[in-house]
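Asks: give the three-dimensional model of this entry:
(one chain, ligands or ions: 2)
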Amino acid sequence: MATPADAVREIYLAGIGGGTPALTTDLTALEEQARAVMTPAAVGYVLGDAGTGETGRLNRRAYARRHLVPRMLRGAAQRDLSVSLFGRTLSSPVLLAPIAAQTVAHPEGELATARAAAEAGVPLVLSTGSSHSLEDVAAVAGPRWFQLYWPSDRAVAASLVRRAEQSGYTAIVLTVDAPTFGYRPTDLDSGYLPFLHGHGIANFTSDPVFLAGLPDGGSVLQHWARVFANPALDWDDLPWLRTVTSLPILLKGVLHPADARRALDLEAVDGVIVSNHGGRQLDGTVAALDVLPAVRAAVGNDVPVLVDSGVRTGSDVLKALALGADAVLYGRPYLYGLALDGQAGVAHVLRCLLADLDLAMALAGCRSTADVTPDLLMPEAHPAPYDFG
Ligand SMILES: Cc1cc2nc3c(=O)[nH]c(=O)nc-3n(C[C@H](O)[C@H](O)[C@H](O)COP(=O)(O)O)c2cc1C
Ligand SMILES: CCCCC(=O)C(=O)O
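Replies: Ligands and ions are numbered 1, 2, ... in the order given. Next up is the predicted model:
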């Protein structure tokens, strides 16, 4: 049976004939390659962090300062990478993070991403800010979740969720860390917001409720700007979302354990995604990985907890799982693959990540994701200095 690590063997075999991969297999080097092929505005949007970039750097440091203590002789010749979430089996603990406006990186945008994800069996979380309608993406996608930016008009929110449900998306990811755009100097310096250039608004321009609210002769972009976000959203709104869908709901962008607990106590959500949005929202924010154990402790072991922000390699996935995550969202690197070579580029990145993860499990002595336990990590010499009580 083919395993993700076979990709590595195939590369070496191709090398006998002089072949080498078209793109780097170094998942941390893709950024530099992609920078060279994207427009300056796209580089600013995709690579950019909020503020000084402190949180963006911290995300990587949080992984770098943790170290694995692998176990030997555990007979991990075959690895089972699968995990179970909301009653479904995922082929690996990896999903593609919602990334808006993907046509800034490649003209085929989310369609290319969805095809590559389907081929790899990796679930895609499609952004509300997709450049192709959620129906068009569903037509070429494999397993899929829908990420919701809750519009200022509840009727539009309900319409998006209903469409997602009808199009086979099996979970709703409500992102709560972006009531407004963060302060992003890379975008501000070039005066560039992709949405105002027509990227990432297809779910609105294809939405009957949104279009019905468009004033006669009014501008679509101005209407979008009014409707897209709801900065006034608060906890009292959450139960309403529960009334419009029977799908599992995950809250994305939670960092404080008390917020995770509160969401569950409201019985309004089924899971949480610990994330600082890749350092793009509030600069100076703690690394997502650093609060993951506290969030896990706050919600208990039965609630799905995912994490993102800074995941790059197979070892990173192991570290996240060892600290209590059920799965990770993989973000920018797949966008780099998209920019470099469209669908084939995303496929390459996923092949590399899954091969790296499969080998990491072999080398750490893990036959299955259930074997990725906290004792796989070196206890921290300097534990996190905060106690959330
Ligand atoms: C260009 C870009 C666009 C994004 N758009 C969205 C979005 O529409 N919705 C959302 O919830 N998160 C969005 N995110 C955040 C990602 O889902 C994820 O949290 C983040 O990329 C993780 O950081 P990393 O990619 O550095 O690992 C976006 C991130 C990037 C880089
Ligand atoms: C309000 C943010 C919209 C897109 C996004 O999530 C991002 O650029 O990070």
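Asks: okay, the closest residue to ligand 2 within the stretch 101-250 of the chain: pLDDT?
Replies: Residue of the stretch 101-250 of the chain nearest ligand 2, by C-beta to the nearest ligand atom: residue 178 (3.9 Å). From N, CA and C alone the C-beta is placed, and that goes for glycine too. Note on residue 178: pLDDT of 98.
Asks: now do the SS call for the nearest residue to it once chain neighbours are set aside.
Replies: Leaving aside its chain neighbours, residue 178 sits nearest to residue 281 (5.8 Å; criterion: C-beta to C-beta, 6 or more residues apart in numbering). Taking DSSP: H, G, I helix; E, B strand; the rest coil as the rule, one finds residue 281 in the coil state.
Asks: related to what we said a few turns ago, give me the number of residues near the residue of the stretch 101-250 of the chain closest to ligand 2?
Replies: Neighbours of residue 178 under the rule other C-beta atoms under 10 Å: 18.
Asks: cool, residue 55 as well?
Replies: Applying other C-beta under 10 Å, we find 26 residues neighbouring residue 55.
Asks: is it in contact with residue 289, as I believe?
Replies: No: counting by C-beta atoms under 8 Å, residue 55 does not reach residue 289; the two are 11.8 Å apart.
Asks: and the spatially most central residue of the chain, what is it in contact with?
Replies: Taking C-alpha atoms, centre = their mean, the centroid of the chain lies closest to residue 97, which sits 1.8 Å from it. Counting by C-beta atoms under 8 Å, 6 or more residues apart in numbering, residue 97 touches 125, 278, 308, 329, 330, 331.
Asks: then residue 160?
Replies: 128, 134, 146, 148, 151, 203, 207.
Asks: try 10 Å this time
Replies: Going by C-beta atoms under 10 Å, 6 or more residues apart in numbering, residue 160 touches 128, 134, 146, 148-151, 172, 203-204, 207, 209-210, 244.
Asks: picking that back up, which residues do residue 55 and residue 289 both contact?
Replies: Common neighbours of residue 55 and residue 289, counting by C-beta under 10 Å, 6+ apart, are 276, 309, 310.
Asks: for the residue of the stretch 151-300 of the chain found nearest ligand 1, which non-adjacent residue is spatially closest?
Replies: With C-beta to the nearest ligand atom, the shortest gap between the stretch 151-300 of the chain and ligand 1 falls at residue 278, namely 2.4 Å. In this structure, residue 278 finds its nearest non-sequential neighbour in residue 309, 5.1 Å apart by C-beta to C-beta, 6+ apart.
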